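Undergrad: Compute the structure for the input listed below.
(chains A and B)
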Amino acid sequence: MLAVILFYVTRLFSLQVLDNRYNQLADNNAIFTKVQYPSRGLIYDRNGRLVVDNQPAYDLMVIPREVAPFDTLDLCRTLGITLDEYKERWRNMSNRRLNPGYSSFTPQLFFSRLTVEEYGVLQEKLYRYPGFYIQNQSIRRYVYDVGANVLGNVREVSVQELRDDSYYMQGDYTGDLGVEKSYENYLRGEKGQEYFLRNAYGRIKGRYENGAYDHEAVPGKNLTLSIDIELQQYGEMLMQNKVGAIVAIEPSTGEILALVSSPTYKPSMLTGRERGRNYTQLFENPYKPLYDRSIMATYPPGSTFKPTQALIFLQEKMVSRYTAYPCNMGFYARGIRVGCHAHESPISVVPALSTSCNAYFCYAFRSMIDDVEKYGSTYNAFETWKKYIVNMGYGYRLGVDMPGESRGFIPNSDFYGKIYGSRGWKGITVISVSIGQGEVLATPLQIANLGATIANRGYYFTPHVVKSVQDTYLGDDYTQPHYVGVDPSYYEMVVEGMRMSMVKGTCRIGEIPGIEACGKTGTAQNPHGDDHSAFMGFAPRENPRIAIAVYVENAGWGATYGVPIGSLMMEKYLTGEIAPSRKWLEERMLNANTMIQEEEKDVAQE
Amino acid sequence: MSRRNNVWYSLDWYTVALYLLLVFCGWISIYAASFDFDAASTIFNFDARSGKQLLWILFSMMIAFVLLMTEPRTFVSLAYPLYIVFLVLLLVTIFVAPDIKGSRSWLVLGPVHLQPAEFAKYGTALALAKMLDNYDFDLTKPRCFFKACALILLPVLLILMQQETGSALVYLSLICILYREGMSSLFLFAALCAVVYFIVAVKYASLEWMDTPVGEWLVLMLILLVLVYMVARYLRRARFLYVSLLVVAVVQGAAAAVAYYLYPFNQLYVAGLLLMTAVVATGVLYFKTLQHKLWIAVVFALFSAVYLESVDYVFTDVLGQHQRTRIEVALGIKEDPMGVGYNVNQSKIAIGSGGFWGKGFLQGTQTKLRYVPEQDTDFIFCTIGEEQGFWGATLVLTLFALLLVRIIQLAERQRTVFGRVYGYSVAAIIFFHLAVNIGMVIGVLPVIGIPLPFFSYGGSSLWGFTILLFTLLCIDASRNDSF
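TA: Prediction:
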């Protein structure tokens, strides 16, 4: 007899004290949580223009427990789905692998983003479908339908996110790509919760603990981008039918003025019910519009890299302003030839930059790397070189406030040691890095950042796309200057060379009337096809307001596309319009199609 | 007249205190169980169940007082008449009672609802005590034994006809008393075997291993084991047990190996053959040893085999669907959280969510929001488990344990067989209620709707237990008198 009682006591102990499952079960039973969704933060551009806001949308929710038999076909007709689709939705919803938060007691998303018309029809019939109700949601609306890569979009949370972040519930929305993702925690606000007690018959029996745990939804915070949305729009127009990227930065702050990746898409394509289909299409597009080339793609920087070399050689006292090297259509040494084009010879640093002389940089680079007397070894010499390059923002992520940034690639001595053996390489072996070819890879953002560094004469701020978040202090990550460690007077020489390039050098097609712009072309060889056309520059020369990088894939000379597009962007930003004398150039860029050429070539090859 | 002055003096106040404590806790629990968050009322509201229960409690105090004032000899002389009155009442109930939740056990007399089955236990306990009290009554004599069994089974039959299975089962607890009074342990052993066989057979009914129904095979093995054990015991030869077990293990093991590696066949044939061999061998042994008791073993084994064959029939054809499902849920064969299992599942959630210290008085969501059914009657223990936690539930169980131990002490100190048998009956009835009720709410036993003594709401049940207990106290108070 006592044994039975003792058995019951141990059984109670395991039930009540050891097993914690039942608490959860009891709460699931009794507490009905009603969620209030906050409105998502709005997005403005640097001039206060509204870029993204919200418009109402409606989600059909269902509490499976409360569903009673009803005219299923009628509901299917109203929603415009077949009975099979209807059943499929039920199956997916109650599949705990796809929907970890499933409970027959809590509201589940049944059908998302009804249009206003569908909502109207459904609202009238809703009383016939017990257990179903409508939840107001909002979807993004794009006032300027551009900048998809910067803005990102909003989608339903994935299974993984549901697991990782307890904030989300099935059917919630979250930011994807761009600032919608990187600033998700500010934009989403805070969901409100009201707790009710619900009895066994599903009736609400008042607030849980008299509402002590309830809290109101807190609206998401508004973002102000550093992007000039009209410049962004203009950049996307210039880049239409071309593959590549434009990055424009305000040198004095590191604020990104435009971040164009091409080909791109309208951000509005990824809202509403068509999202799924459009997303698949974009995902399967061979030009990868979802891939943000401005910060993810890594290209050989080509001649846009030469200013970095000039700065290092000057700072390391390898050359002076007056040191000149010969150039007879190229650099020749030990059977290696780096070709060049017709210009004066011998040549010193300023004209070497303006004419983009390969030979000058090869000679100077070689003399530095092979200067064992000064550095002790090739290894140390190259490491010194690498340190400067890294200080200029190459080789590592700059830390832009966007998801998915690439770090590019800058080789170090160990890297070459592995390939050639620790004593098996010298300056001549790796000579191509001096002209931005070979192993060196950089993102358009890093190239633009070089422009900003030169514009600032020796320092940069971490580039970023968000200027401010409402009522929030974002820390000083973006307000601390990063110094390169090269004397400003050397920068002046580089600036002079880049200025000369615009006046009478390789960039002369891009000279803007009334503005002292500085620039450097780049024609990057690549193993996959035609040369990439690149441009890096800033304007005006004194107190620069914009630094820019343009990169057009497989488009030929830097002067063909890079310089015109870069100069048009700078002119547009600085004067707000394009001078009549340059309208023809603008026209030509807008109409140019480097993608068709490629396709034609593909056809020809076949 | 002398004892009338003495009754307060010789009354066992310890039991009275336990009784009052339990009734008080029950009253508080009923208030908590029927409390509504929206329409909160005081514990004294006579429209609510707590208020009514208070009335029942006061009334049961009066009953207790009257019982204590009664001459103990009255109970002896009234035993048979009361028993007969209750039998008649039970019989009448079958015909006049309205159908409430499928059973016809409630007598409706205007505003008063009475359940005669609750009181008939009293009459049966008294009658049984009186019968055993006869000086020439000897349970080892079959005639006497059957008389006693008939006395117990008669009300069971009537209550079964009222479709009130739970209450009927309570009477079976009285059979344990017979054991205390000299009944052969064989019957208890048989009952235990019957229960074990039943559970094993049902639980593993759907399990198959290489064409062998595991449930039946296991029971056959058990029967074989019991037979061998009995023979070994009667012949007082332990070695016999080991040798036989070895033989069985070798034969069965070889057969299983054949089935597993060579040719799957029904192991039941092997088990059956082994059992038959054992029965025949026992018969042969009888002629060698002339030990009469061996026949008991043979008969026992044969009956067991017949019983095994009937389990399936009883389970599928005699029991109702709801009883079958309840048993399956309790044995863990079936999970049915939305249907039959709902009650038990919700009651486990209620108790389980109480934790160690409980959610606090009137704070239980599971019980307040009506997730647990019948929470102020059969499932009242949930409220205690949820709101007072492990601590409170254990306290209640401890109070019951103290009471039961005390009642047995009282029974043992009686000088008359009547008093002793009656005392044991009280303990058996209360214990059976307690064990079945709490076993049910914590999901150990199938759902059998019987109240928790002193706790469950309702006058009939409270008065029934009060009468049982205070009659014992009255008899006990006069144990030193001669009568």
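
Undergrad: need the residues of chain A near chain B, please.
TA: By the rule Cβ under 8 Å from any Cβ of the partner chain, the part of chain A lying against chain B is A:1-2, A:4-5, A:8-9, A:11-13, A:15-17, A:19, A:21-23, A:25-27, A:29-31, A:197-201, A:205-206. From N, CA and C alone the C-beta is placed, and that goes for glycine too.

Undergrad: Now the buried members of those.
TA: Buried by 16 or more other Cβ atoms under 10 Å in any protein chain shown: A:4-5, A:8-9, A:11-12, A:15-17, A:22-23, A:25-27, A:29-31, A:197-199, A:205, out of these.

Undergrad: count of residues packed around the nearest residue to A:P403 once chain neighbours are set aside?
TA: Computed as Cβ to Cβ, 6 or more residues apart in numbering or on different chains, the closest residue to A:P403 that is not its neighbour in sequence is A:K181, at 4.9 Å. A:K181 sits with 18 neighbouring residues when counted by other Cβ atoms under 10 Å in any protein chain shown.

Undergrad: Could you find the closest non-adjacent residue to the closest residue to chain A within the stretch 101-250 of chain B?
TA: When distances are taken as Cβ to the nearest Cβ, the stretch 101-250 of chain B approaches chain A most closely through B:C176, which lies 9.7 Å from it. Spatial nearest neighbour of B:C176, chain neighbours left out: B:A428 (5.5 Å); criterion: Cβ to Cβ, 6+ apart.

Undergrad: what's that neighbour in contact with, if anything?
TA: B:S173, B:L174, B:C176, B:I177 (Cβ atoms under 8 Å, 6 or more residues apart in numbering or on different chains).

Undergrad: And the pLDDT at it?
TA: Residue-level confidence at B:A428 comes out at 93, pLDDT.

Undergrad: go on, B:R3?
TA: 49.

Undergrad: pLDDT weak spots in the stretch 51-200 of chain A?
TA: Along the stretch 51-200 of chain A, segments meeting pLDDT under 70 span A:100-101, A:200.

Undergrad: Any stretches of chain B with poor pLDDT?
TA: Flagging of chain B using pLDDT under 70 yields the residue ranges B:1-5, B:37-40, B:101-102, B:332-341, B:481-483.

Undergrad: Can you name the residues of it that neighbour chain A?
TA: Counting by Cβ under 8 Å from any Cβ, chain B comes close to chain A at B:36-38, B:346, B:348-356, B:365-366, B:368-371, B:385-386, B:389-390, B:393-394, B:397, B:400-401, B:404-405, B:427, B:431, B:434-435, B:438-439, B:442, B:444.

Undergrad: can you do 7 Å?
TA: Residues of chain B found near chain A (Cβ under 7 Å from any Cβ of the partner chain) are B:37-38, B:348-356, B:365-366, B:369-371, B:385, B:389-390, B:393-394, B:397, B:400-401, B:404, B:431, B:435, B:438, B:442, B:444.

Undergrad: Next step: these restricted to helices.
TA: Among the residues of chain B next to chain A, the members falling in helices are B:348-352, B:365-366, B:385, B:389-390, B:393-394, B:397, B:400-401, B:404, B:431, B:435, B:438 (criterion: DSSP state H).

Undergrad: can you pull out the helices in the stretch 51-200 of chain A?
TA: Residue ranges of the helices in the stretch 51-200 of chain A, as given by DSSP state H, counting those that start in this stretch, are A:72-79, A:83-94, A:116-125, A:148-151, A:159-164, A:178-182, A:184-187.

Undergrad: Single out the most deeply packed of those.
TA: Per residue and on average, the most neighbours among the helices of the stretch 51-200 of chain A fall to helix A:148-151, with a mean of 28 (mean count of other Cβ atoms under 10 Å in any protein chain shown).

Undergrad: Excluding sequence neighbours, find me the nearest residue to residue 41.
TA: Just so you know, I chose chain A. For A:G41, ignoring the flanking residues on the chain, the nearest one in space by Cβ to Cβ, 6+ apart is A:G220 at 3.5 Å.

Undergrad: meant chain B, my bad for not saying
TA: When the adjacent residues along the chain are set aside, B:S41 lies closest to B:A48, with 5.0 Å between them (Cβ to Cβ, 6+ apart).

Undergrad: So what's the residue count around that neighbour?
TA: Around B:A48 there are 19 residues (other Cβ under 10 Å).

Undergrad: which stretches of chain A aren't confidently modelled?
TA: A:100-101, A:200-204, A:596-606.

Undergrad: 50 instead, please
TA: The model of chain A has pLDDT under 50 over residues A:603-606.

Undergrad: Check it for its longest strand and report it.
TA: strand A:50-62 (DSSP state E).

Undergrad: Parallel or antiparallel, which strands does that strand pair with?
TA: strand A:43-44 (antiparallel), strand A:108-114 (antiparallel), strand A:132-142 (antiparallel) (DSSP bridges).

Undergrad: for the ones you listed, which one ends up most surrounded?
TA: strand A:43-44 (a mean of 25).

Undergrad: re the thing from before, shouldn't the residue nearest to A:G41 be within a helix?
TA: No: A:G220: not assigned to a helix; according to DSSP: H, G, I helix; E, B strand; the rest coil it is coil.

Undergrad: what's near enough to touch the closest residue to chain B within the stretch 451-600 of chain A?
TA: Among the residues of the stretch 451-600 of chain A, A:D471 lies nearest to chain B; the distance is 38.4 Å by Cβ to the nearest Cβ. Taking Cβ atoms under 7 Å, 6 or more residues apart in numbering or on different chains, we find A:D471 in contact with A:K221.

Undergrad: gap between the most centrally placed residue in chain B and B:A168?
TA: Using Cα atoms, centre = their mean, the residue of chain B that lies closest to the mean C-alpha position is B:F432, 3.8 Å off. From B:F432 across to B:A168, the span is 12 Å (Cβ to Cβ, to the nearest Å).

Undergrad: Which residue would be the closest one in chain A to chain B?
TA: Counting by Cβ to the nearest Cβ, chain A gets nearest chain B through A:Y22, at 2.6 Å.

Undergrad: so what's residue 63 up against?
TA: This is for chain A. Shown here is A:I63, whose contacts under the criterion Cβ under 7 Å, 6+ apart are A:F105, A:T106, A:P107, A:G131.

Undergrad: my bad, chain B
TA: Per Cβ under 7 Å, 6+ apart, neighbours of B:I63: B:W463, B:T466, B:I467.

Undergrad: Could you do B:Y31 as well?
TA: For B:Y31, the set of contacting residues under the criterion of Cβ under 7 Å, 6+ apart consists of B:I43, B:S50.

Undergrad: List the buried residues in the helix or strand hosting it.
TA: For B:Y31, the element it lies in under DSSP states H and E is helix B:13-33. Of the residues in helix B:13-33, B:15, B:18-19, B:21-23, B:25-33 count as buried by neighbour count, 16+ other Cβ under 10 Å.
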